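> task: produce atomic coordinates for the following.
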Amino acid sequence: MTNQHTPSQLPHHRLVAYHVAVELLLAVEAATLRDAKLRDKAFHAAKSAVLDTPSRHPDNQ
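As a prediction, this is how the structure comes out:
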């Protein structure tokens, strides 16, 4: 994971928190959770973390 800025990146793509949230989402997707409700809740929470990161960017304050 690098923090190099390219013109195609959005500002929140440079945040460490965004990359951590994406890693969490990938980990949840890779996990073999047998309980369907738990799997759904974990995926929803991880996806929310990724989607909420842009609103936490300092440029949006």
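
> how close does the closest residue to Leu24 other than its chain neighbours sit to Glu23?
For Leu24, ignoring the flanking residues on the chain, the nearest one in space by Cβ to Cβ, 6 or more residues apart in numbering is Ala46 at 4.8 Å. To be clear about C-beta, it is placed using only N, CA and C from the backbone, and glycine gets the same treatment. Between Ala46 and Glu23 the computed distance is 9 Å (Cβ to Cβ, to the nearest Å).

> contacting residues around the longest helix seen in the chain?
Determined from DSSP state H, the single longest helix within the chain is helix 36-52. Contacts with helix 36-52, where a contact means Cβ atoms under 8 Å, 6 or more residues apart in numbering, come from 18, 21-22, 24-25, 27-29, 31, 33.

> select only the buried ones of these in ChimeraX?
Buried residues among those (16 or more other Cβ atoms under 10 Å), as a ChimeraX selection:
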select :18,21,22,24,25,28
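
> of the contacts of helix 36-52, closest to Pro54?
Closest to Pro54 out of the contacts of helix 36-52 is Tyr18 (7.9 Å), distances taken as Cβ to Cβ.

> give me the angle between the helix or strand harbouring that closest one and helix 36-52.
Using DSSP states H and E, Tyr18 falls within helix 16-30. Interaxial angle, helix 16-30 versus helix 36-52 (axes from the mean of the first three to the mean of the last three Cα atoms, to 10 degrees): 160 degrees.

> rounded mean pLDDT for helix 16-30, please.
Averaged across helix 16-30, the pLDDT comes to 93.

> ok now that helix, how far from the chain's centre?
For helix 16-30, the gap between its own C-alpha mean and the chain's C-alpha mean amounts to 5 Å (Cα atoms, centre = their mean, to the nearest Å).

> output the contacting helices and strands for it.
helix 36-52 (3 or more Cβ pairs under 8 Å, 6 or more residues apart in numbering; DSSP states H and E).

> mind putting the contacts of helix 36-52 into TSV with distance to Ser55?
Output for the contacts of helix 36-52, formatted as TSV (distance: Cβ to Cβ, whole Å):
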residue	distance to Ser55
Tyr18	11
Ala21	12
Val22	16
Leu24	17
Leu25	17
Ala27	22
Val28	21
Glu29	23
Ala31	26
Leu33	28
